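J.: Let me see the structure of the following:
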Amino acid sequence: MAFLDAIMDIDKPEVDRLILHSRNFFCVLKITFNKGRIYPLAGSRLAYLTHLFPDDEVELFLSIRNPVTHLPAMYAATPHTQFIEFLDGADPRDILWSDLITNISQEAPNVRIIVWWYEDAPMIFLGGGGIVARDCRYLCE
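T.: Below is the predicted model:
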């Protein structure tokens, strides 16, 4: 809530930009996989969001991470006791971020997608001896 307060001007009756942030935006971690697909509900969830805001531009800022480090970190944050159970039949070698992007593009074609590598975040957000993005203004064009 404090994050939203920081970006909203309480003196203006309209909102120019609403930023939603959640680690579980697409789903809770324990059901990240379904039939070998990662975040299978991502496209439909974003499509619902575009219906909630039909007159507005919806953008997705997505950080993707190397599956070698991403999958164990996700698994550790779930109640699963077996990694294979967590994967729900997915072969880790077949998990492609491009499949997620394709799913989103097909189900929510008007959503602009901005993607960066999680591993590159220090180079994106830090530089010149200081933090480039001190608040959410870096998202504004």
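
J.: Could you use CA atoms for every contact and neighbour count after this?
T.: Noted.

J.: what's the neighbour count on the spatially closest residue to Ala47 that is not a sequence neighbour?
T.: Once flanking residues are discounted, Ala47 sits nearest to Ala108: 4.7 Å by CA to CA, 6 or more residues apart in numbering. For Ala108, the neighbour count with other CA atoms under 10 Å is 21.

J.: again, but for the one 4 residues further on
T.: Here the number of neighbours of Arg112 (other CA under 10 Å) works out to 14.

J.: Likewise for Arg37?
T.: Arg37: 20 surrounding residues under other CA under 10 Å.

J.: Got phi/psi on it?
T.: The phi and psi torsions at Arg37 (degrees, to the nearest 10) take the values phi -110, psi 140.

J.: Same check on Arg112?
T.: The phi/psi pair for Arg112 (degrees, to the nearest 10) reads phi -80, psi 130.

J.: quick revisit: let me know whether the residue nearest to Ala47 touches His51 as I believe.
T.: No - using CA atoms under 8 Å, Ala108 is not in contact with His51, being 9.9 Å away.

J.: From Phe61, how far out is Gln106?
T.: With distances taken as CA to CA, to the nearest Å, Gln106 is found 17 Å from Phe61.

J.: cool, Ala76 as well?
T.: Ala76 is 24 Å from Phe61, by CA to CA.

J.: OK, contacts around the most centrally placed residue in the chain?
T.: Nearest to the mean C-alpha position of the chain, by CA atoms, centre = their mean, lies Leu62 at 4.3 Å. Contacts for Leu62 (CA atoms under 8 Å, 6 or more residues apart in numbering) come out as Ile113, Ile114, Val115, Trp116.

J.: Throw those into TSV and include neighbour count and secondary structure, thanks.
T.: Putting the contacts of Leu62 into TSV (neighbours: other CA atoms under 10 Å; DSSP: H, G, I helix; E, B strand; the rest coil) gives the following:
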residue	neighbour count	secondary structure
Ile113	14	strand
Ile114	10	strand
Val115	12	strand
Trp116	13	strand
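
J.: right, and out of those residues, which lies closest to Val68?
T.: Trp116 (16.6 Å; CA to CA).

J.: will you turn the contacts of Leu62 into a markdown table that also has pLDDT?
T.: Putting the contacts of Leu62 into a markdown table (pLDDT from 0 to 100) gives the following:
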| residue | pLDDT |
| --- | --- |
| Ile113 | 91 |
| Ile114 | 87 |
| Val115 | 88 |
| Trp116 | 81 |
